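**Q** Next one to model:
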Amino acid sequence: MSRQGTVTVLIEIHAADGHEQAARDALLHAIQTSEKPGLINSTEYEDLDDPGAFYAVQVWETMNDFHAHMRDAAENGMGEAIQVLREHPKTAVLRTIG
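**A** Sure thing, here's the model as predicted:
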């Protein structure tokens, strides 16, 4: 469950054929090395049934923090990282239900 006021984001990427390891490495490198003010937690996953599918579930302090990070990523090299992907990363902003 998310803390009150936080934002949970699901990031989904799919590697281009033959670039599965490069996409995995790029995702982990981006998570581990870039400064992300407002990021509370990030957990990365790979799909056992699709070796080229990777996911990150991130919890952010605010929606503004997440949007600021995405702007920064777009301005600072995300274009390089997506060259090993089949398509642009997909993001979904989530909230708990129930």
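**Q** Please make it C-alpha for all contacts and neighbour counts, starting now.
**A** Fine.
**Q** so where is the protein shaky, pLDDT-wise?
**A** For the chain, the stretches with pLDDT under 70 are 1-4, 77-81, 98.
**Q** And the strands in this protein?
**A** 7-14, 39-47, 50-60, 90-94 (DSSP state E).
**Q** Which positions are bridged to the residue positioned nearest the centre of the chain in the beta structure?
**A** By Cα atoms, centre = their mean, the chain has its centre lying nearest to residue 11, at 4.0 Å. Beta bridges link residue 11 to residue 56, residue 91 when assigned by DSSP bridges.
**Q** how close does it sit to residue 88?
**A** Look at residue 11 and residue 88: by Cα to Cα, to the nearest Å, they are 11 Å apart.
**Q** Contact partners for the spatially closest residue to residue 95 that is not a sequence neighbour?
**A** Of all residues not flanking residue 95 in the chain, residue 8 sits nearest, at 6.5 Å (Cα to Cα, 6 or more residues apart in numbering). Residue 8 makes contact with 2, 57-60, 93-95, according to Cα atoms under 8 Å, 6 or more residues apart in numbering.
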